[in-house]
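Student: sequence first, then the predicted structure, then my questions.
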Amino acid sequence: MLASFARAFRWDRTVQLMGLVLLGDIAILLVRHEDGGVATAVVGRLLLAVCWLALGFRQRWPVPVAVLITGCGMSFFPLSEVDGATPLVCLMVALYTMARAGHLAAVVTLAVVVMLMIAYGEFLLTDDDEAREVDNMAILLISGWLLSVIAFGHAMRVRQAYLQETEQRVLAAERERDVRSLQSATHERLRLARELHDVLGHNISLINVQAAAAVHRSAKRPGQTEELVAALEFVRETSKEALRELRATLGVLRQVDEDAPTAPAPAGLERLGELADRAAATGLEVGVETGGAPPVVPPQISLAAYRIVQESLTNITRHANARRASITVDYAPGELRVRVEDDGQGAADGGTRGSGIDGMRERARALGGELTARNTAAGFRVAARLPLPREAEPAAGAEVAPEQVRTPRQGVAAPPPGNG
C-alpha cells in the first residue's frame, strides 16, 4: 500500500514551489499570535501540510486530490485567525490539473461549489458586513482566478491533443511514405525482372534453337559449313541485340556519376519486323498484319505491345512445335489490340499459368489493359488490349500495311522438338 502511494507521488517543481509557499504561511503563523491555543495552531498547520502533500498525487488522482484540498481549505479558514495562501494556491493548481486531464465537467462543478460555499459563509452566516472576511471585490477576484485557471488548463489540453494529433499525422505520413517507397522499389524490381526475362528469354531461346538446328544439320552433313556459318552469324546478331537491350534495361541501375553506355534504339512496335525476322530464322513462318490507321502510340504502350509479341514468339519457338505464327496489330479508337496465334500443340494447362504469361498479363494490367492466353482449335492464342489516349490521332502519312509473311531461311530448320 505504502509502496503504491510512494510510486504515485511526484516530487516535481510545482510541489517544490508550493513547499516554499507553505513554509511562508507557517512562518507567518509562528510570528502572529492565535487565540485558539496550541491545538488550533497544530491542526491548522496540519491542514496546510495535507494540502501541500496532496499536490504530489494530483497527476494520478486529479479529482480526489482537488476535493481533498477543497475540504482542507474550507476547514482551515474558519479555524485559523490568520489567513494563508497555501489552500487557495493549491486549489488552483488542482483545478488546473483537472482541466488539463479532461475532467471539465467535474472541475466546473467543483469551482461552482467552492464559490457557493464562500458566498454562503459570507452572506448568510455573517450578519455584520464589517465582520466579513471576504468582501464582494475579493469574491469577484477569486471567481475570476478560478475561471482563468480552468480555461487555461482546458486550453493546454486542447493544444496538447492538437500536437499529439499532428505528431500522429506526421508519423502516419512517414509510414505511408516508407510503404510507398517499398512498393515503388518492389514494382521497379518486378519491372526489371520482366524486362530481363523478356530480353534474355527471347534472344537466348532463339540462339538455342538456331544452334541446335545447326548442330543437327552438321551431324547429318559433316562436310558442309554453310549452314554452320549462317547459324553462327545469326547467333552473333541475336546475342548483340540481346546485349544492347540488356544494357538499356540495366542502365536505370547505374549511378548518376557513371557514364551511361550508348543507348540502343528503343524497343517498340516499329521493330516488330525484326522480331518476325529473328523468329523466321529459326524455321518458323511468321505473318505480320496491321489494321486500322496507326496513331502516335505512347512509348510505354508501344514497348508493352512489343514485349508481349516478343514473349509470345519465345513461347512458340520453345514449346509450341508450330510451323506458322501470325501477329496482328489492330489500331481501334481508344485502344490497341495485339494478337499472336500459332498452329502448334497448345499449352498443357490451357495457358493460364507460367511466369512468361503472368508477366505479359501484368504488363497489360499495369497500363489499364487486359491480356488473355488460351488454347484454340488450331493452336494457341495470346490477345492483349491496351488503352490509347483519346487525343491520339493517326500519324501523318500513315497507311495500313498489308500482311507481311516472314518465311524460314532456306536450309535452316528447327531441330526436332524437345522439352525446351
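Tutor: On my side now, so go ahead.
Student: need the mean per-residue confidence for stretch 372-389.
Tutor: Stretch 372-389 comes out with an average pLDDT of 90.
Student: what number of residues are in the vicinity of I26?
Tutor: Neighbour count for I26, taken as other CB atoms under 10 Å: 17. (Each C-beta comes from the backbone N, C-alpha and C, glycine too.)
Student: ok, for it, nearest residue in space, not its chain neighbours?
Tutor: The shortest distance from I26 to any non-neighbouring residue, by CB to CB, 6 or more residues apart in numbering, is to R45 (6.0 Å).
Student: and that neighbour, what element?
Tutor: Applying DSSP states H and E as the criterion places R45 in helix 37-54.
Student: that helix: which residues count as buried?
Tutor: In terms of neighbour count (16 or more other CB atoms under 10 Å), helix 37-54 has its buried residues at 41, 44-45, 47-48, 50-54.
Student: nearest to R189, of these?
Tutor: A54 (62.6 Å; CB to CB).
Student: I316 and D358, how far apart?
Tutor: Per CB to CB, to the nearest Å, I316 is found 17 Å from D358.
Student: higher neighbour count, these two?
Tutor: Neighbour count, other CB under 10 Å: between I316 and D358, I316 has more, with 26 against 14.
Student: partners of the residue lying closest to the more buried one once chain neighbours are set aside in the sheet?
Tutor: The shortest distance from I316 to any non-neighbouring residue, by CB to CB, 6+ apart, is to D342 (4.7 Å). Taking DSSP bridges as the rule, D342 bridges to A325, F380.
Student: got the contact list for D342?
Tutor: Applying CB atoms under 8 Å, 6 or more residues apart in numbering to D342 gives the contacts 316, 320, 322, 324-326, 379-380.
Student: would you list the residues you listed in a markdown table and tack on distance to V112?
Tutor: Formatted as a markdown table, the contacts of D342 follow (distance: CB to CB, whole Å):
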| residue | distance to V112 |
| --- | --- |
| I316 | 88 |
| A320 | 90 |
| A322 | 93 |
| R324 | 96 |
| A325 | 91 |
| S326 | 90 |
| G379 | 90 |
| F380 | 86 |
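Student: now, which of those residues sits nearest S4?
Tutor: Minimum distance to S4 across these is 77.3 Å, recorded for F380 (CB to CB).
Student: what's the spacing between the closest one and T290?
Tutor: According to CB to CB, F380 and T290 sit 21 Å apart.
Student: G73 now?
Tutor: 96 Å.
Student: A185: neighbour count?
Tutor: A185: 10 surrounding residues under other CB under 10 Å.
Student: what kind of secondary structure is it in?
Tutor: The three-state assignment at A185 reads helix, by DSSP: H, G, I helix; E, B strand; the rest coil.
Student: report pLDDT for it.
Tutor: Looking at A185, the pLDDT reads 80.
Student: list the buried ones in the strand or helix carrying T109?
Tutor: T109 is part of helix 104-119, with elements assigned from DSSP H and E. For helix 104-119, a neighbour-count test (16+ other CB under 10 Å) marks 106-108, 110-111, 114, 118 as buried.
Student: pretty sure I204 sits in a strand.
Tutor: No. Per three-state DSSP, I204 lies outside any strand segment and is helix.
Student: how about residues contacting stretch 140-158?
Tutor: Contacts of stretch 140-158 (CB under 8 Å, 6+ apart): 88, 92, 95-102, 104, 107-108, 111, 114-115, 118, 134.
Student: so what's the gap between the helix holding T109 and the chain middle?
Tutor: Relative to its chain's centre, helix 104-119 lies at 49 Å (CA atoms, centre = their mean, to the nearest Å).
Student: work out for me the element the most centrally placed residue in the chain sits within.
Tutor: The centroid of the chain falls nearest to E176 when counting by CA atoms, centre = their mean (2.8 Å). For E176, the host element (DSSP H and E) is helix 136-220.
Student: angle of that helix against helix 104-119?
Tutor: 170 degrees (axes from the mean of the first three to the mean of the last three CA atoms, to 10 degrees).
Student: please renumber the chain so that the first residue is 15 from this point on.
Tutor: Yep, numbering from 15; the last one is helix 150-234 now.
Student: immediately after helix 150-234, which helix or strand?
Tutor: Past helix 150-234, the next helix or strand by DSSP H and E is helix 240-264.
Student: show me what counts as buried in the next helix or strand after that following helix.
Tutor: With elements assigned by DSSP H and E, the helix or strand that comes after helix 240-264 is helix 286-294. Within helix 286-294, the residues scored as buried using 16+ other CB under 10 Å are 286, 289-290, 292-294.
Student: and T28, what is it in contact with?
Tutor: Counting by CB under 8 Å, 6+ apart, T28 touches 69, 107.
Student: could you measure from it over to R72?
Tutor: 8 Å.
Student: out of the buried residues of helix 286-294, who's nearest A378?
Tutor: Nearest to A378 out of the buried residues of helix 286-294 is L286 (CB to CB; 17.0 Å).
Student: just checking, the closest one touches I341?
Tutor: Yes. Between L286 and I341 there is a contact at 6.5 Å, judged by CB atoms under 8 Å.
Student: identify the contacts common to those two.
Tutor: Common neighbours of L286 and I341 (CB under 8 Å, 6+ apart) are 302, 323.
Student: sorry, back to before: counting contacts, what elements does the helix holding R59 pack onto?
Tutor: helix 27-45, helix 76-93, helix 100-115 (3 or more CB pairs under 8 Å, 6 or more residues apart in numbering; DSSP states H and E).
Student: which helices and strands sit right next to the shortest one?
Tutor: Other elements packing on helix 100-115 under the criterion 3+ CB pairs under 8 Å, 6+ apart are helix 27-45, helix 51-68, helix 76-93, helix 118-133, helix 150-234.
Student: hey, which of these is tucked in deepest?
Tutor: Of all the helices and strands packed on helix 100-115, helix 76-93 carries the top mean neighbour count, a mean of 19, counting by mean count of other CB atoms under 10 Å.
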